[in-house]
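[1] just the structure for this:
(2 chains)
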Amino acid sequence: MNTPRQELEARVARAVAALFSSPPLGPYVRPCPDTRHGDFQTNAAMVHGRTSQRNPREVAEELRAALDLDGIAEPAEIAGPGFLNFRLSSDYLNRQVTERWDDRRLGVAGVARPETVVIDYSGPNIAKEMHVGHLRSTILGDALARIYTFLGHNVIADNHLGDWGTSFGMILLGYKREGNAEKLELDPFGHLETIYQKIQAEAKADETVREAARHELVLLQQGDPVNRALWEKFLHFSIAALEMMYQRLGVQFDHQLGESFYNNMLAGVVKEMIEKGIARPSEGAIAIFSDGKLPPRDDPFLIFRKEDGESEGRFVDNPILIQKSDGGFNYATTDLATIRYRHDHFKAERVLYVVGAPQQMHFRQIFNAAERWGYGMMRLEHVAFGTILGPDKKPFKSRSGENIKLRALLAEAEERAGRIVGEKRPELNDHERVALARVVGLGALKYADLAQNRTLDYVFSWDKLLAFDGNTAPYLQNAYVRIRAIFRKAGLAEAEPAKVHLTEPAELALGRKLLDFADSIFLAAEENRPHFICNYLFELATLFHKFYELCPVLTSEAAVRSSRLLLADLTAKTLREGLQLLGIDVVEQM
RNA sequence: GCUCCCAUAGCUUAACGGAUAAAGCAGCGGUCUUCUAAACCGCAGAGUGUUGGUUCGAUUCCAACUGGGAGCGCCA
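    Below you'll find the model as predicted:
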């Protein structure tokens, strides 16, 4: 099922092709920013008027004559410098609302060519409790996984756990000194973190401690049975604790292949990179350098540098290390092994890395290296997002210990929501109140993160993350609830088939909006920005609330009543589906 | 120093090269005998950091600058 925009786009493109010899310069059709002008507009006449050096209003006149809008819109109006404005015909509108209501997918077409897309998100460290810093990747990645799945892609959600690497030398050493199996089982993160912080402080002051930690790491990497067993224990309990957190968040993965999974592939990767001439020894380590194929400015392996006293700068090497001088491997090595695995094993055509913006340079290098390595057929994309800042506008530092734990954030969200629920619905028992607070609190938390452009940094604030007014999840959930209340009162589970006939401005506006659901999803997927869906749902809910104020449903006469019931039902289903795509639940009452 | 990201109303944000820049919060004033007031209506509030350029048209593209942030060889 096409959206009105797609349908109009196709018709304009057809008319343009008939009129002009120049290649298509679309997309042409977009929603009118101001609905007073119409529902949709095209700038095709202005665009093609320019290339043919003609008066755009004249061109618009020709275009209008050539346009076939039969069955979709009123005759187009020419306005301003040469816009054609379209107003959807009421027949089309009524029919489209009905068709969407009748469609399990609410009119959202799947993609023509499904792809196998690996989405790499969350990626917590198994020795550390999840904190606000993990929130964005987890929430955003989960939403993208849901969106891509809904569009028909073959999604592989993969949690690339930080379960390997230098810090484990420290942790092993610390655990051997004062570890406690019981504490580990009860609170793996708390225990490991305590140990880590303590041993780190010691290591700072004492070279022999640093040396001992390095030794433990080497033992682990060489497969020493004692260290290996300990590490597996850390992993086991940590994953169990993570699992609980993900369950609470409503986030799922298809795989949790952490860094350790790739460990035995790393030596092979390095060997191959050397053989292919992509990597070479440098200062005792193995590093990947520029192949000189890109302009220096665009080459991630070159960096412009001007030393003190030099009058002109020059490009110098900016390599990545894939093997340290002590023989150990780096995360770049793991990332490369992971790319190969995802290609060979999952047959991935695309990989989305939902990772913070500070790692941009790293991914540019990795993607460039992967291409040279022979994986250029894969679309590798860094879905970067901004940093959560502290009150001082500097990133929350994990060292300082003032990181807000995700657990605390969730608890606070539920508690705040619980207080509001208690006020609004004093008749609920404890169990009901807690269950409701969970959905509302978690929804607000997720929505706050998803509703804004992911590239922006933001200052952490309880009030902001847990807002329940305005453009928030509770506002959308409330719109859903109000619709469900109508159906409850009517004694219906959902609307019955009916002839849709929209007449009031409020119901026309709502009906028109309902047809655009798919456009918001396409846009969100195209840009990997779920906030387009948030914007859409907020507008939809706002229009519904207006409709609700002005257009009585149950007390209207039969034909109007059944038409409005259907319109309300489609709104509810669209809200529910849209929120679902964001990982947010709805409730029947709140 | 170089690269990348960011700059829109008091605050937080939106705007897929187009029309009079759109919301939320906060502020002020209204609306519950009628489908849940977690709602709705109204008022007030910016000309998009600066300077140029491209364009019929720029918050959007380009250049320079200012301010903020991040990254730049053996952590991830």
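[2] how close does the residue most central in space within chain A get to residue A:479?
    Nearest residue to the geometric centre of chain A (Cα atoms, centre = their mean): residue A:140, 3.1 Å. Distance from residue A:140 to residue A:479, counting by Cβ to Cβ, to the nearest Å: 24 Å. C-beta here means a position set from N, CA and C on the backbone, and glycine is covered the same way.
[3] mind listing the strands for the stretch 51-200 of chain A?
    Under the criterion DSSP state E, counting those that start in this stretch, strands of the stretch 51-200 of chain A are mapped to A:77-79, A:83-86, A:116-120, A:154-158.
[4] reformat these as CSV; add mean pLDDT, distance to residue A:185 and mean neighbour count.
    Below are the strands of the stretch 51-200 of chain A laid out as CSV (pLDDT from 0 to 100; distance: least, Cβ to Cβ, whole Å; neighbours: other Cβ atoms under 10 Å):
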stretch, mean pLDDT, distance to residue A:185, mean neighbour count
strand A:77-79, 92, 70, 16
strand A:83-86, 94, 65, 24
strand A:116-120, 98, 29, 24
strand A:154-158, 98, 27, 21
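[5] element containing residue A:519?
    In the assignment (DSSP states H and E), residue A:519 maps to helix A:517-527.
[6] which residues outside the next helix or strand after that helix are in contact with it?
    Using DSSP H and E, the helix or strand that follows helix A:517-527 in sequence is helix A:531-550. Residues outside helix A:531-550 that contact it (Cβ atoms under 8 Å, 6 or more residues apart in numbering): A:147, A:447, A:450-454, A:471, A:475-476, A:478-479, A:482-483, A:504, A:506-507, A:509-510, A:513-514, A:516-517, A:519-521, A:523-524, A:567-568, A:571, A:574-575, A:578-579, A:581-582.
[7] quick revisit: what packs against the helix holding residue A:519?
    Applying 3 or more Cβ pairs under 8 Å, 6 or more residues apart in numbering; DSSP states H and E, we find helix A:517-527 packed against helix A:132-150, helix A:531-550, helix A:558-581.
[8] closest to residue A:38 out of these?
    helix A:531-550 (16.7 Å; Cβ to Cβ).
[9] quick one: residue A:319 and RNA strand B, what's the gap?
    To RNA strand B, residue A:319 is 5 Å away according to Cβ to the nearest atom of the strand, to the nearest Å.
[10] equivalent analysis for residue A:228, please.
    From residue A:228 to RNA strand B the distance is 18 Å (Cβ to the nearest atom of the strand).
[11] and that residue, what does it touch?
    Per Cβ under 8 Å, 6+ apart, neighbours of residue A:228: residue A:220.
[12] local confidence estimate at it?
    On pLDDT, residue A:228 comes in at 93.
[13] hmm, back to that, reformat the strands of the stretch 51-200 of chain A as TSV; add distance to RNA strand B.
    Converted to TSV, these look like this (distance: least, Cβ to the nearest atom of the strand, whole Å):
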stretch	distance to RNA strand B
strand A:77-79	4
strand A:83-86	4
strand A:116-120	12
strand A:154-158	15
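[14] as TSV, the ones you listed with distance to residue A:186 would be great.
    Shown next, in TSV, are the strands of the stretch 51-200 of chain A (distance: least, Cβ to Cβ, whole Å):
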stretch	distance to residue A:186
strand A:77-79	69
strand A:83-86	64
strand A:116-120	30
strand A:154-158	29
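[15] how about those strands, which one is nearest residue A:288?
    strand A:116-120 (20.7 Å).
[16] what residues does the stretch 101-250 of chain A put near RNA strand B?
    A:162, A:165, A:166, A:167 (Cβ under 7 Å from any atom of the strand).
[17] can you pull the contacts of the third one?
    With contacts taken as Cβ under 8 Å, 6+ apart, residue A:166 has the following neighbours: A:217, A:328.
[18] got it, and the second one?
    Taking Cβ under 8 Å, 6+ apart as the contact definition, residue A:165 lies against A:259, A:331.
[19] so where do the strands sit in the stretch 251-400 of chain A?
    Under DSSP E, counting those that start in this stretch, the stretch 251-400 of chain A gives strands at A:279-282, A:285-288, A:302-305, A:314-317, A:320-323, A:350-356, A:379-385, A:388-389.
[20] who touches the fifth one?
    Strand A:320-323 is contacted by residues A:269-270, A:273, A:279, A:285-288, A:301, A:329-330, A:332-333, A:336, A:362, A:365-366, A:369 when judged by Cβ under 8 Å, 6+ apart.
[21] mind doing that once more with 6 Å?
    A:270, A:279, A:285, A:286, A:287, A:288, A:329, A:330, A:332, A:333, A:365 (Cβ atoms under 6 Å, 6 or more residues apart in numbering).
[22] pairing partners for residue A:303 in the sheet, please.
    For residue A:303, the beta-bridge assignment (DSSP bridges) gives partners residue A:316.
[23] quick one: it from residue A:313, how far?
    On the measure of Cβ to Cβ, residue A:303 and residue A:313 end up 10 Å apart.
[24] which one of the two is surrounded by more residues?
    Neighbour count, other Cβ atoms under 10 Å: between residue A:303 and residue A:313, residue A:303 has more, with 15 against 11.
[25] and the more buried one, how far from RNA strand B?
    In terms of Cβ to the nearest atom of the strand, residue A:303 sits 5 Å off from RNA strand B.
[26] equivalent analysis for residue A:262, please.
    11 Å.
[27] measure that residue to residue A:159 for me?
    Distance from residue A:262 to residue A:159, by Cβ to Cβ: 14 Å.
[28] neighbour count winner among these two?
    Each of residue A:262 and residue A:159 has its neighbours counted (other Cβ under 10 Å); residue A:159 has more, 24 against 21.
[29] for residue A:331, what are its contacts?
    So residue A:331 contacts nothing (Cβ under 6 Å, 6+ apart).
[30] I'd like the distance between it and residue A:123.
    11 Å.
[31] please apply the same query to residue A:387.
    For residue A:387, the distance to residue A:123 - Cβ to Cβ - is 15 Å.
[32] quick one, which of those two is more surrounded?
    residue A:123 (20 against 16).
[33] what pLDDT does the more buried one get?
    The model's pLDDT for residue A:123 equals 94.
[34] worst average pLDDT in the strands of the stretch 251-400 of chain A?
    Across these, the lowest-scoring stretch is strand A:302-305, with a mean of 82.
[35] what packs against it?
    Strand A:302-305 sits against strand A:314-317, with contacts defined as 3 or more Cβ pairs under 6 Å, 6 or more residues apart in numbering; DSSP states H and E.
[36] tell me if the strand it packs on is near RNA strand B.
    Yes - Strand A:314-317 reaches RNA strand B (Cβ under 7 Å from any atom of the strand) through residue A:317.
[37] by contact count, what packs against that strand?
    Counting by 3+ Cβ pairs under 6 Å, 6+ apart, strand A:314-317 packs on strand A:302-305.
[38] buried residues in the strand it packs on?
    By 16 or more other Cβ atoms under 10 Å, the buried positions in strand A:302-305 come out as residue A:302.
[39] repeat that for stretch A:546-558.
    So, applying 16+ other Cβ under 10 Å, buried residues of stretch A:546-558: A:547, A:548, A:551, A:553.
[40] ok, so of those, who is nearest residue A:190?
    Nearest member of those to residue A:190, counting by Cβ to Cβ, is residue A:548, at 47.9 Å.
[41] ok, now how distant is that closest one from RNA strand B?
    In terms of Cβ to the nearest atom of the strand, residue A:548 sits 5 Å off from RNA strand B.
[42] and residue A:344, by the same measure?
    21 Å.
[43] who are the contact partners of that residue?
    Contacts of residue A:344 (Cβ under 6 Å, 6+ apart): none.
[44] which positions in the helix holding residue A:519 come out as buried?
    A:517, A:518, A:519, A:520, A:521, A:522, A:523, A:524, A:525.
[45] overlap between those residues and the residues near RNA strand B?
    A:519, A:523.
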